[in-house]
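Novice: Could you look at this predicted model? Sequence included:
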Amino acid sequence: MTDKPNQRIQQAFENKDWPEIKSSNSWNIFKVMAEFVEGYDTLAKIGPCVSVFGSARTKPGTQYYEMAVEIGQKLAAAGLGVITGGGPGIMEAGNKGAHEAEGVSVGLNMRLPHEQHHNPYISPETSLEFDYFFVRKVMFMKYSQGYIVLPGGFGTLDELFEAMTLIQTGKSKRFPIVLVRSEFWNGLMDWIHETLLRNNATISAEDLDLIKVVDTADEAVAIIDKFYEDFLLKPNF
């Protein structure tokens with residue numbers, strides 16, 4: 001019996017020859033361009049912001065959700081906007097905190113077939129939707145003055161390692177990356193130090209200089225503030 005993913009692949013290519021497939025891909029370039037233009041036009045106006053990442057599955061009232069709300073409030077009080085992925089969970093909490101503190105609240109939402117819808121705490125003028133994850137990633141990287149990362153899953157780790165890679169390779173300017181809740185992140189950081197750095201030398205010690213692990217909202221926001229005491233806030237590339 002053919003499984004459903006294979007059936008969808010077969011249906012997508014059914015009755016199409018290779019030139020038709022190539023032509024369709026070429027037209028997609030214009031959709032990609034449109035998302036870049038809309039994103040650049042919108043986010044160029046928002047001022048300095050910090051991205052808050054974490055699981056879409058985190059429920060209101062839980063420890064991590066309420067901490068993300070507090071972080072959003074404190075960032076707004078410090079004059080920084082909050083950018084999230086626009087969905088539920090930690091994303092909603094970060095936007096909620098910024099919204100309640102009357103700060104800039106930005107949502108970069110993905111159009112997904114079964115899961116995500118934008119949360120109600122995003123400012124209407126800074127609510128964007130994307131079909132392409134890679135375009136959305138560029139918006140996070142270009143307009144975030146720092147990353148505050150709460151516990152999350154594959155998507156959260158994807159954004160974290162994307163930021164680390166671009167800083168490591170010099171494709172983005174250096175900015176602070178703050179991991180919140182040591183109980184969640186220490187295992188990953190131990191593995192990075194032990195397996196990647198110490199045992200295999202696949203990274204350099206300085207690659208980890210801007211990654212900090214903290215346990216409170218005050219610590220997280222203080223790291224962002226301290227980093228930019230002597231630096232001009234501006235887009236990363």
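Specialist: Sure thing, it's come through.
Novice: Distance-wise, check residue 25 relative to residue 31.
Specialist: Distance, residue 25 to residue 31, by Cβ to Cβ, to the nearest Å: 11 Å. C-beta coordinates here come from the backbone N, C-alpha and C atoms, glycine included.
Novice: Just name the shakiest helix or strand of this protein by mean pLDDT.
Specialist: helix 4-13 (a mean of 62; mean pLDDT, DSSP states H and E).
Novice: Strands of this structure, start to end?
Specialist: 49-53, 81-84, 105-110, 127-130, 144-149, 177-180, 211-214 (DSSP state E).
Novice: For residue 117, which non-adjacent residue is spatially closest?
Specialist: Nearest residue to residue 117 in three dimensions, chain neighbours excluded: residue 87, at 7.0 Å (Cβ to Cβ, 6 or more residues apart in numbering).
Novice: And the pLDDT at residue 99?
Specialist: pLDDT for residue 99: 97.
Novice: pretty sure it contacts residue 126?
Specialist: No - judged on Cβ atoms under 8 Å, residue 99 makes no contact with residue 126 at a distance of 11.1 Å.
Novice: Could you name every residue contacting both of these two?
Specialist: With contacts defined as Cβ atoms under 8 Å, 6 or more residues apart in numbering, the residues shared by residue 99 and residue 126 are residue 105.
Novice: residues near the closest residue to residue 100 other than its chain neighbours, how many?
Specialist: Among residues not flanking residue 100 along the chain, residue 73 sits closest, at 6.1 Å (Cβ to Cβ, 6+ apart). Residue 73 is flanked by 22 other residues according to other Cβ atoms under 10 Å.
Novice: ok, residue 73 to residue 221 distance?
Specialist: From residue 73 across to residue 221, the span is 9 Å (Cβ to Cβ).
Novice: try residue 61
Specialist: Per Cβ to Cβ, residue 61 is found 22 Å from residue 221.
Novice: ok, now residue 134?
Specialist: As for residue 134, its distance to residue 221 is 29 Å (criterion: Cβ to Cβ).
Novice: try residue 93
Specialist: Residue 93 is 15 Å from residue 221, where distance means Cβ to Cβ.
Novice: okay, the two: which has more neighbours?
Specialist: Per other Cβ under 10 Å, whichever of residue 93 and residue 221 has more neighbours is residue 93, with 30 against 24.
Novice: contacting residues for the closest residue in space to that one that isn't next to it in sequence?
Specialist: Excluding its sequence neighbours, the residue lying closest to residue 93 (Cβ to Cβ, 6+ apart) is residue 68, at 3.5 Å. For residue 68, the contact set (Cβ under 8 Å, 6+ apart) comprises 52, 54, 58, 90, 93, 94, 97, 150.
Novice: And the pLDDT for residue 68?
Specialist: 98.
Novice: can you list the weak-confidence ranges in the chain?
Specialist: 1-24, 113-116, 230-232, 234-237 (pLDDT under 70).
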